[in-house]
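# Any chance you could fold what I've pasted below:
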Amino acid sequence: MADVRNQESSGAASQCSYDVFLSFRGEDTRKSFTDHLYTALVDAEFRTFRDDEEINLGETIKSELQKAILQSRVSIIIFSKDYASSGWCLQELVMILNHMRTSEHVVIPVFYDIGPSDIRNQTGSIAEAFSNHEKQFNAEMDERKKNELMDKVNEWKAALREVADIGQRFLQNQPDGHDSKFIEKIVAAVSFELNCPRALGVDPYQFEMDDCSDGHIMLICGMGGIGKTTIAKFVYNLNFEKFEACSFLANIRECSERSSGLVGLQRKLLSDIQKNKKSMIHVVEEGKIRIKHAISRKKVLIVLDDVDHKYQLEALLGMQDWYYPGSKIIITTRQKQLLKGYEVSKVQEVEKLDGNESLELFSWHAFGQDHPLEGYEDYSKRLVEQCGGLPLALITIAATLSGRSLAVFESAVEKMKAIPNSEVLASLRMSFDCLDEHDKHLFLNIACFFIGKDKDYVTTLLDGCDFYTKVGIENLMDRYLLTVDQDNKLMMHQLLQDMGRELVRQESPKKPGKRSRLWRHEDALDVLQDTTGTERIEGLVLDFHVTEDSMRYHSENSSKRRHTSLLSWLPIVSSTVKSPSTTDKIIIETAAFSRMPRLRLLQLNNVQFTGGYNKFPSGLRWLCWHRFPLRSFPEDLPMKHLVALDMQYSSLKQVWKGPKLLSRLKILDLSHSHDLTNSPDFSGLPNLERLMLKDCINLFEVHKSVVTLERLILLNLEGCINLRKLPSKFDHLKSLEKLVLSGCSKLDKLPPELEEMGSLTVLYPDLTAINELPCTTGKQKYGLSLVIKIQIISIFLFSVFYFYAGW
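Predicted structure coming up:
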């Protein structure tokens with residue numbers, strides 16, 4: 001099969017008129033070697049410039065050649081014995097090297113009947129040529145002009161030394177054949193350079209195949225639009241000439257869904273391997289037999305692009321022992337675990353680009369150079385930021401803006417915030433469409449509500465919503481639709497999140513009340529105020545406190561705050577935009593919820609309601625109501641199905657009176673509730689696993705019923721500065737793993753039974769009045785002992801820092 005050229009036109013290529021510029025001394029090689037090389041390049045479909053064909057009569061030769069150099073991606077310089085005798089050739093060399101230094105222009109030196117050492121040391125015919133140049137220039141009568149000419153000679157000499165040391169070079173006098181083989185190598189080098197995915201920010205040489213490797217499968221995996229196919233094409237083009245037969249099967253996922261399906265792909269594979277010999281195949285099993293027969297007899301290179309299911313591999317790849325020694329298989333996929341059970345010799349996960357790489361790639365496609373045009377820098381950087389390092393998005397957006405005015409760039413920035421690019425979303429959606437219904441709904445819930453949330457928190461919550469969250473998250477991660485960061489937070493590429501939210505918006509573009517999920521404050525407010533909700537709504541966010549800008553502020557500063565965790569209970573002055581004043585506070589009728597019987601996920605911030613709370617949906621699983629305005633919970637608020645109750649920054653003084661039976665509740669967060677003096681009675685919460693009372697600065701007592709919580713894993717009392725003691729019988733908390741007491745400055749004693757708690761592995765007692773820590777001897781307590789010691793060291797180092805910083 002022929003060289004597979006890159007089908008995605010690059011921005012640099014779109015701005016260049018030629019693939020190759022040929023530089024040579026006409027009298028030496030024009031009608032011999034250069035002519036053969038030119039023909040081979042044209043036959044390989046490379047747009048090639050040579051002066052005798054491209055320059056029109058009557059045009060200025062110098063300006064036309066300079067223009068051709070600037071509009072070429074590769075220059076091949078053919079050095080012959082008399083090359084240096086031509087002053088014009090030497091000047092052309094200077095122009096080529098100048099272009100190379102300021103761009104991605106590639107220079108390939110070819111030494112024909114002359115060696116690099118002659119060029120570098122300027123001996124033999126080179127020395128003779130420069131002697132003639134100097135004699136001619138010394139004859140100049142105008143002293144100023146003579147000096148200019150001699151400076152030019154020095155520039156030519158420096159250029160020759162530089163080009164002689166370029167790493168990739170070709171010598172005609174190598175012992176492996178005649179001009180034809182020599183030319184084949186040069187054409188292969190041009191193919192390498194023009195198909196190399198360096199524009200994706202990837203080191204191309206890491207994809208080279210090891211001829212001696214026993215393994216023969218290379219897996220290239222990553223999210224949609226990350227550049228897997230481009231890389232596979234590059235590896236294929238770099239290696240195909242080393243094999244007896246080769247085949248590149250593109251878009252297998254899409255092709256396998258067509259009428260001819262896998263049988264059509266099998267026919268294509270066999271036709272490539274058997275050199276266009278047609279194979280009449282009618283069923284997949286017959287195709288597998290014929291493929292086994294064909295690939296077991298010759299060394300082959302096969303690329304299987306965009307494989308999505310194992311049945312596709314079984315039909316096309318067969319068993320590994322079918323292959324002739326030395327054969328290589330390249331597979332691209334969005335599914336990391338696709339090749340379980342296969343012996344893979346190399347796995348390459350393609351990562352997104354960093355900021356500098358992204359801007360460079362965007363600039364090549366938008367401006368034809370490696371940086372934005374003057375005046376376009378700010379808008380380019382903002383567009384690049386929104387693309388999140390995804391090559392497909394960068395290329396697509398840049399291509400649509402190429403040659404456009406500054407006003408169009410400004411408009412594109414605003415449009416991309418509101419409406420993601422349809423072409424990019426279509427590519428990303430392929431991964432979503434391959435999910436089953438369970439995982440699709442899980443993905444949409446995470447994309448709309450839970451990015452940046454703790455993985456364990458979300459797992460506990462969504463398990464209570466009838467999801468199989470652990471296996472679902474693994475499936476999403478396997479398809480590069482979701483990641484988990486070092487802090488155990490769920491993360492997603494911004495464009496994937498945009499894609500998920502756009503899918504929800506398309507459920508009813510004009511009527512938000514008919515969508516399944518409402519995450520935009522404006523949409524949720526309209527639906528609640530106009531009472532246009534429907535039974536389709538499963539999740540809703542209404543946030544009157546934090547604007548988009550302040551959210552960005554917190555995101556940018558979150559990493560800084562992590563390094564001051566010992567102080568995290570102290571008040572933080574934020575730049576958030578304050579909520580509306582009391583006089584212009586928007587109050588919502590609770591009756592608006594009566595039209596949303598399937599609402600299970602509800603997130604509110606600084607919201608006030610009027611009317612009976614019995615109108616709230618009875619099936620709520622997650623109620624996150626920050627800055628809850630009431631002093632205690634309304635008695636008629638439906639809570640029996642709640643799995644997670646998050647009431648941070650509330651005005652609660654008393655949560656509820658007496659026991660409250662909430663048998664499904666697993667997470668209770670009352671952190672930053674500064675008016676709370678007593679914790680609630682916990683005896684009606686038998687399945688509670690996480691209890692957070694962080695920064696409840698007026699809390700002086702934790703209800704004694706807390707020790708009845710046999711499933712409790714985490715108890716966080718950080719920053720409860722008025723807490724004086726903990727309940728007795730702490731050893732009844734048989735599942736407790738983590739106890740956070742940091743900043744409980746009036747707490748001077750730990751329950752003695754803490755020493756007997758085998759489940760407790762993490763204890764944070766820093767910045768308390770405790771002067772005696774539990775005795776943690778024995779193998780069972782080793783983990784707890786280690787954490788306590790680390791905390792003591794941390795307290796000491798913090799004290800030193802505090803002293804010297806002058807806080």
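
# for stretch 504-523, what is the average pLDDT?
On average, the pLDDT along stretch 504-523 is 93.

# export that stretch as CSV, just CAs?
Below are the C-alpha coordinates for stretch 504-523, written out as CSV (Å, rounded to 0.1, in the frame of the first residue of the first chain):
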residue,chain,number,x,y,z
VAL,A,504,-28.5,17.9,27.7
ARG,A,505,-29.3,21.4,26.2
GLN,A,506,-30.3,19.7,22.9
GLU,A,507,-33.0,17.7,24.7
SER,A,508,-35.0,20.9,24.6
PRO,A,509,-33.1,23.9,23.2
LYS,A,510,-35.8,26.5,23.7
LYS,A,511,-37.5,25.2,26.9
PRO,A,512,-35.1,24.5,29.8
GLY,A,513,-38.0,23.0,31.8
LYS,A,514,-38.1,20.0,29.5
ARG,A,515,-34.4,19.1,30.0
SER,A,516,-33.2,16.4,32.3
ARG,A,517,-30.6,18.6,34.1
LEU,A,518,-30.3,22.3,34.8
TRP,A,519,-26.9,23.6,35.8
ARG,A,520,-27.0,27.2,34.5
HIS,A,521,-28.3,29.6,37.1
GLU,A,522,-30.3,31.6,34.6
ASP,A,523,-32.1,28.5,33.2
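
# what about Phe449, how many neighbours?
21 (other CB atoms under 10 Å). Where C-beta positions appear, they are placed from N, C-alpha and C, glycine not excepted.

# What pLDDT is listed against it?
95.

# Check Gly783 and give its pLDDT.
For Gly783, the model assigns a pLDDT of 42.

# If you could redo that for Phe700, that was the one I meant.
With respect to pLDDT, Phe700 has a value of 90.

# pretty sure it is touching Leu693, no?
No - at 11.6 Å, Phe700 does not count as touching Leu693 under the criterion of CB atoms under 8 Å.

# which of the two has more neighbours?
The residue with more neighbours, out of Phe700 and Leu693, is Leu693; 24 against 16, by other CB under 10 Å.

# Torsion angles phi and psi at the more buried one?
Here is the backbone geometry of Leu693 (degrees, to the nearest 10): phi -130, psi 30.

# List the contacts of it.
670-671, 676, 679, 699, 702, 716-717, 720 (CB atoms under 8 Å, 6 or more residues apart in numbering).

# Most neighbours among the residues you listed, which one is it?
Result: Cys720 is most packed of those (other CB under 10 Å), 30 neighbours.

# right, and it touches Met692 too?
No - with contacts counted by CB under 8 Å, Cys720 stays clear of Met692, the gap being 11.0 Å.

# can you pull out the helices in the stretch 351-500 of the chain?
355-367, 377-387, 391-401, 406-418, 422-433, 437-445, 455-463, 469-478, 494-505 (DSSP state H, counting those that start in this stretch).

# Which among those helices is found nearest to Lys660?
Of all the helices of the stretch 351-500 of the chain, helix 455-463 sits nearest to Lys660, with 19.2 Å by CB to CB.

# could you say what helices and strands that closest one packs with?
Applying 3 or more CB pairs under 8 Å, 6 or more residues apart in numbering; DSSP states H and E, we find helix 455-463 packed against helix 469-478, strand 644-646, strand 667-669.

# would JSON lines of those with distance to Gln506 be doable?
Below are the helices and strands packed on helix 455-463 laid out as JSON lines (distance: least, CB to CB, whole Å):
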{"stretch": "helix 469-478", "distance to Gln506": "20"}
{"stretch": "strand 644-646", "distance to Gln506": "29"}
{"stretch": "strand 667-669", "distance to Gln506": "32"}
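
# Present the ones you listed as CSV; the columns should include mean pLDDT, distance to Tyr342 and mean neighbour count.
Listed next are these as CSV, based on pLDDT from 0 to 100; distance: least, CB to CB, whole Å; neighbours: other CB atoms under 10 Å:
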stretch, mean pLDDT, distance to Tyr342, mean neighbour count
helix 469-478, 92, 15, 18
strand 644-646, 96, 41, 22
strand 667-669, 96, 41, 22
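
# Select, out of those, the one closest to His36.
Evaluated with CB to CB, those place helix 469-478 nearest to His36, the distance being 51.2 Å.

# Identify the residues contacting the closest one?
335-337, 435, 438-439, 442-443, 446, 455, 458-459, 462-463, 482-484, 490.

# Now do that helix and helix 494-505, the angle between them.
120 degrees (axes from the mean of the first three to the mean of the last three CA atoms, to 10 degrees).

# which parts of stretch 384-403 are buried?
For stretch 384-403, burial by neighbour count (16 or more other CB atoms under 10 Å) applies to 384, 386-399, 401.

# Repeat that for stretch 362-376.
Per 16+ other CB under 10 Å, stretch 362-376 contains these buried residues: 362-370, 372, 376.

# so Val303 is in which element?
Element membership for Val303, per DSSP states H and E: strand 300-307.

# Summarise which helices and strands that strand is packed against.
Using 3+ CB pairs under 8 Å, 6+ apart, the elements in contact with strand 300-307 are helix 228-239, strand 245-249, helix 252-255, helix 310-316, strand 328-333.

# So which of the buried residues of stretch 362-376 sits lowest on pLDDT?
Gly368 (67).

# Counting neighbours, what do you get for Lys666?
With other CB under 10 Å as criterion, Lys666 counts 22.

# just to revisit the earlier point, can you put the helices of the stretch 351-500 of the chain in CSV and add distance to Glu148?
Shown next, in CSV, are these (distance: least, CB to CB, whole Å):
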stretch, distance to Glu148
helix 355-367, 35
helix 377-387, 38
helix 391-401, 42
helix 406-418, 41
helix 422-433, 54
helix 437-445, 68
helix 455-463, 70
helix 469-478, 65
helix 494-505, 55
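
# Farthest out from the centre of the chain, which residue is that? Tell me.
Met141 (65.2 Å; CA atoms, centre = their mean).

# If burial is judged by neighbour count, which of the contacts of helix 469-478 pass?
335-336, 435, 439, 442-443, 446, 455, 458-459, 462-463, 482, 490.

# one step back: pull the CA atoms of the strand holding Val303 into PDB?
C-alpha atoms of strand 300-307 as PDB (Å, rounded to 0.1, in the frame of the first residue of the first chain):
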ATOM      1  CA  VAL A 300       3.400  -7.200   7.300                       C
ATOM      2  CA  LEU A 301       2.700  -3.800   8.800                       C
ATOM      3  CA  ILE A 302      -1.000  -3.200   9.700                       C
ATOM      4  CA  VAL A 303      -2.700  -0.200  11.200                       C
ATOM      5  CA  LEU A 304      -6.100  -0.700  12.800                       C
ATOM      6  CA  ASP A 305      -7.400   2.900  13.300                       C
ATOM      7  CA  ASP A 306     -10.200   3.700  15.800                       C
ATOM      8  CA  VAL A 307     -10.900   0.300  17.100                       C
END
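
# Pairing partners for it, with directions?
strand 245-249 (parallel), strand 328-333 (parallel) (DSSP bridges).

# isn't Tyr376 right up against Glu410?
No - shown here, Tyr376 and Glu410 do not form a contact pair, counting by CB under 8 Å, at 10.0 Å.

# Leu313 versus Ile220, what's the distance?
14 Å (CB to CB, to the nearest Å).

# higher neighbour count, those two?
Remark: of Ile220 and Leu313, Ile220 carries more neighbours, 24 against 21, as counted by other CB under 10 Å.
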